[in-house]
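**Q** Here is my input, please return the structure:
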Amino acid sequence: MPTVDETVRRIVEADSWDQRVAQIRLVSQNHGTGQHQAIYAQVAREFYVPHLAPDFAYIHSADFYDLPAFQAAYTAAAAATGDFTDVTEATLAAAIESNPRTLLAFRTILGLVGKEFAQSTQLVGEPLGIKAISPGKVDAMERNGTALNSEQAMLVAQTILRVMDGTLFGDPPGELHRKQEKFDTQGGWETVESLARGGVPYAAFLHQRHYGGAFRQVLDATSTRRGNLLEDAVEDLFIEHGIPHIRTGSHNQAEIANRFELSVQPAPDFVVYDESDTLRGMLECKLVNDGGTARDKALRFERLRAESVRLGGVPLLAVLAGLGWGRVNDTLGPVVRDTDGRVFTLATLPDMMNVAPFPGLAGLARKPPP
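**A** I've put the predicted structure just below:
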């Protein structure tokens, strides 16, 4: 019989994922139960942990927050104001009315988020009897260039000027200071003009990242997608390769149970099937950055493993992310055991298409129904 180290080497150094699965299945045959935990933990530590990454290692793409979108708004705003040398109410109003997207640049100069700027227009507009610009309108202007009338453009221009010169909010008491008392606006429009021509020192740029939190706005804007980071990546892969699948979270659980004879509740995150509507695989996604939580989540795979066995050995796969899975003895090791090593991360996800049952399912979703 092989030693523990020999078994681990055979698993880790297998030429393919399917061979790795075959070697993991031999563990119970070649070793007593007292050695199983050590084997799975060592395999997890050597082969799987290096591919793990926390969720904070990634950020969703969001066109509105990417540089090209902002650069276009900034370029238009700078051109309309002569690199911010002409910032009269009339000039700002004309720039915003002709190109509403420029509001993105002006608002960002002020250091306000969309809702804050909208509230500011109410403070300016109420004494004038002018209806405020709603947060939705601000967003639509910046994202889509949604038109506004001359009165609204004038209100936006007045709001920008009053926020910048400090007359809208006034000087706060105590240790408070206005948001405009920052590096690029501490001297008002003169500072903006100077930096627009000469650039911002790198240290000042980094300070703003440190002060405001790197990627904070885009993280907030994509929070829902972030919660579905793994599921979205898996679904994109399945669509790309034409794998017939169901993302069960968006379907009736009873319907899934009846269709595929699943008894585990809730159903796994994905089920994959063939042309005859026969269940061919189950896949569960788990993003966990805390070791204690990962231990609890590992128990889910034990339940799914029992369901896999009940259904005649339907392959069970895991897609994991987060540093919580780095605690191998009672988290990742058991998942490696329960999935026969079919554990993938965002870094190794493309390799999943080479593992049974996917080679035999590829392209079926693209075929027209009989």
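**Q** contacts, neighbours, all on C-alpha from now
**A** Fine.
**Q** Residues contacting the helix or strand harbouring residue 156, please?
**A** If you go by DSSP states H and E, residue 156 is part of helix 150-165. With contacts defined as Cα atoms under 8 Å, 6 or more residues apart in numbering, helix 150-165 is touched by 89-90, 92-94, 96-97, 106-107, 110, 120-121, 124-125, 130, 133, 168-169, 180, 185, 188-189.
**Q** One more: stretch 98-118?
**A** Contacts to stretch 98-118, defined as Cα under 8 Å, 6+ apart, come from residues 70, 73-74, 76-77, 95-96, 132-135, 138-139, 141-148, 160, 163-164, 179-180, 184-185.
**Q** Please pick the buried ones from those residues.
**A** Buried members of the contacts of stretch 98-118, counted by 16 or more other Cα atoms under 10 Å: 70, 73-74, 76-77, 95-96, 132-135, 138-139, 141-143, 145, 147-148, 160, 163-164, 180, 184-185.
**Q** Which positions in the helix holding residue 156 come out as buried?
**A** 152-164.
**Q** ditto for stretch 233-244
**A** Neighbour counts using 16+ other Cα under 10 Å place 234, 235, 237, 238, 241, 242, 243, 244 of stretch 233-244 among the buried residues.
**Q** quick one: average pLDDT of it?
**A** Stretch 233-244 shows a mean pLDDT of 96.
**Q** Can you give me the distance of the closest residue to residue 47 other than its chain neighbours to residue 62?
**A** Once flanking residues are discounted, residue 47 sits nearest to residue 12: 5.9 Å by Cα to Cα, 6 or more residues apart in numbering. With distances taken as Cα to Cα, to the nearest Å, residue 12 is found 38 Å from residue 62.
**Q** Look at these two and report which has more neighbours.
**A** Just comparing residue 12 and residue 62: by other Cα atoms under 10 Å the higher neighbour count belongs to residue 12, 20 against 12.
**Q** quick one, what contacts that one?
**A** The neighbourhood of residue 12, defined by Cα under 8 Å, 6+ apart, consists of 20, 43, 46, 47.
**Q** Just the endpoints, please. Distance across stretch 267-275?
**A** One end of stretch 267-275 sits 21 Å from the other (Cα to Cα).
**Q** same question but for stretch 98-117, I mixed them up
**A** Using Cα to Cα, the end-to-end distance of stretch 98-117 comes to 19 Å.
**Q** Take the buried residues of stretch 233-244 and keep only those in helices.
**A** With DSSP state H as the criterion, helices contain 234, 235, 237, 238, 241 from among the buried residues of stretch 233-244.
**Q** Could you dump the residues you listed into JSON lines with distance to residue 333 added?
**A** JSON lines is the format used below for those (distance: Cα to Cα, whole Å):
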{"residue": "234", "distance to residue 333": "22"}
{"residue": "235", "distance to residue 333": "26"}
{"residue": "237", "distance to residue 333": "26"}
{"residue": "238", "distance to residue 333": "26"}
{"residue": "241", "distance to residue 333": "29"}
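**Q** Burial check on residue 318, number of neighbours?
**A** With neighbours defined by other Cα under 10 Å, the count for residue 318 comes to 21.
**Q** Residue 342 contacts residue 332, correct?
**A** No: applying Cα atoms under 8 Å, one finds residue 342 not in contact with residue 332, separated by 11.6 Å.
**Q** More neighbours: which of those two?
**A** Per other Cα under 10 Å, whichever of residue 342 and residue 332 has more neighbours is residue 332, with 28 against 23.
**Q** was I right about residue 97 contacting residue 149?
**A** Yes: counting by Cα under 8 Å, residue 149 is a contact partner of residue 97 at 6.9 Å.
**Q** Of the buried ones among the contacts of stretch 98-118, which belong to helices?
**A** Checked against DSSP H, those include these in helices: 70, 73-74, 76-77, 95-96, 135, 138-139, 141-143, 160, 163-164.
**Q** closest to residue 356 among those?
**A** Of all those, residue 143 has the smallest distance to residue 356: 44.1 Å, by Cα to Cα.
**Q** Drop anything exposed from the contacts of helix 150-165.
**A** Among these, those classed as buried by 16+ other Cα under 10 Å are 89, 92-94, 96-97, 106-107, 110, 120-121, 124-125, 133, 168, 180, 185, 188-189.
**Q** Am I right that residue 284 sits in a strand?
**A** Yes: under DSSP: H, G, I helix; E, B strand; the rest coil, residue 284 falls within a strand.
**Q** Against residue 317, how distant is it?
**A** Per Cα to Cα, residue 284 is found 6 Å from residue 317.
**Q** do the same with residue 89
**A** Applying Cα to Cα to residue 89 and residue 317 gives a distance of 61 Å.
**Q** do residue 356 as well
**A** Taken as Cα to Cα, the span from residue 356 to residue 317 is 10 Å.
**Q** do residue 8 as well
**A** Between residue 8 and residue 317 the distance is 20 Å, computed by Cα to Cα.
**Q** What of residue 144?
**A** 42 Å.
**Q** cool, residue 134 as well?
**A** As judged by Cα to Cα, residue 134 and residue 317 stand 47 Å apart.
**Q** same thing with residue 217?
**A** Computed with Cα to Cα, the distance linking residue 217 and residue 317 is 34 Å.
**Q** So which of the two has more stuff around it?
**A** Neighbour count, other Cα under 10 Å: between residue 217 and residue 317, residue 317 has more, with 27 against 13.
**Q** Just list the residues touching that one, thanks.
**A** 281, 282, 283, 284, 339, 342, 343, 344.
**Q** excluding its backbone neighbours, what's nearest it?
**A** residue 283 (4.6 Å).
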